[in-house]
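1. Whatever this is, show me its structure:
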Amino acid sequence: THNYVSRKAIINGARNVQMMGKSVLLDGVTVRGDLGPIRIGRYCRIGEGAILKPSEEEGLQGKPTSTTPLMIGNHTRMGEKCVVEAAAIGSSVWVGDNVKLGKRCVIKDCCKIDTNTVVPPNTVIPPFSWVSGDPSKFVKELPESVAIIMPNDAMADYASFVRAQRHVR
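-> Presented below is the predicted three-dimensional model:
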């Protein structure tokens, strides 16, 4: 599968974490599979210090009663220090640094989430959307060419990462 996971990344509940292949988890990434299932697609890159965890549903006494799995599509790139509690992030999504994706939000395919954006819980961002701000607001619609450009960029980024790792050894 050729996934690259930093030795400084923390994966709790590894049995609930599925990486589909050719994805990269950089230093300081925390994946909370102990809270529920997490699936990361192909050619994804998760930036340093990012936290991925499924959304927990709180019961009457404030204790978690269930979790919503976190699904990340193919060719998705996430910046540094992101906190993700989304239900789903589609394919070909670019997420900037310091982004907070609220509980159970859904980011559809081919979207751009600007740096320092906060997406509130239960928000659905439509395909080909560019959003920014706190709380997130629609900036503009992205061109359809993003569906071709993002996968190509993600595969090139992965190939570049692999070449760089060969020189490190």
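2. When you work out contacts or count neighbours from here on, use the C-alpha atoms and nothing else.
-> Fine.
3. Just confirm residue 148 is within a helix.
-> Yes: counting by DSSP: H, G, I helix; E, B strand; the rest coil, residue 148 is located in a helix.
4. What is the burial count for it?
-> Applying other Cα atoms under 10 Å, we find 11 residues neighbouring residue 148.
5. And for the one 4 residues further on?
-> Neighbours of residue 152 under the rule other Cα under 10 Å: 15.
6. SS state for it?
-> helix.
7. Point out where this protein drops to low pLDDT.
-> 1, 59-60, 62, 64, 168-169 (pLDDT under 70).
8. Can you show me the helices along it?
-> Taking DSSP state H to define them, one finds helices in the chain at 146-168.
9. Dig out what residue 56 forms beta bridges with.
-> Under DSSP bridges, the beta-bridge partners of residue 56 are residue 67.
10. who's in contact with it?
-> 35, 64-68, 103 (Cα atoms under 8 Å, 6 or more residues apart in numbering).
11. what two of those residues have the greatest distance between them?
-> Greatest spacing in those, by Cα to Cα: 65 and 103 (14.4 Å).
12. Looking at these two, which has the bigger crowd around it?
-> Per other Cα under 10 Å, whichever of residue 65 and residue 103 has more neighbours is residue 103, with 22 against 11.
13. so that one makes contact with residue 122?
-> Yes: at 6.3 Å, residue 103 counts as touching residue 122 under the criterion of Cα atoms under 8 Å.
14. Could you give the number of residues near residue 136?
-> Neighbours of residue 136 (other Cα under 10 Å): 20.
15. Roughly how far does the nearest residue to residue 155 once chain neighbours are set aside sit from residue 86?
-> Counting by Cα to Cα, 6 or more residues apart in numbering, residue 155 lies nearest to residue 43, which is 6.1 Å off, once chain neighbours are set aside. Distance from residue 43 to residue 86, counting by Cα to Cα, to the nearest Å: 19 Å.
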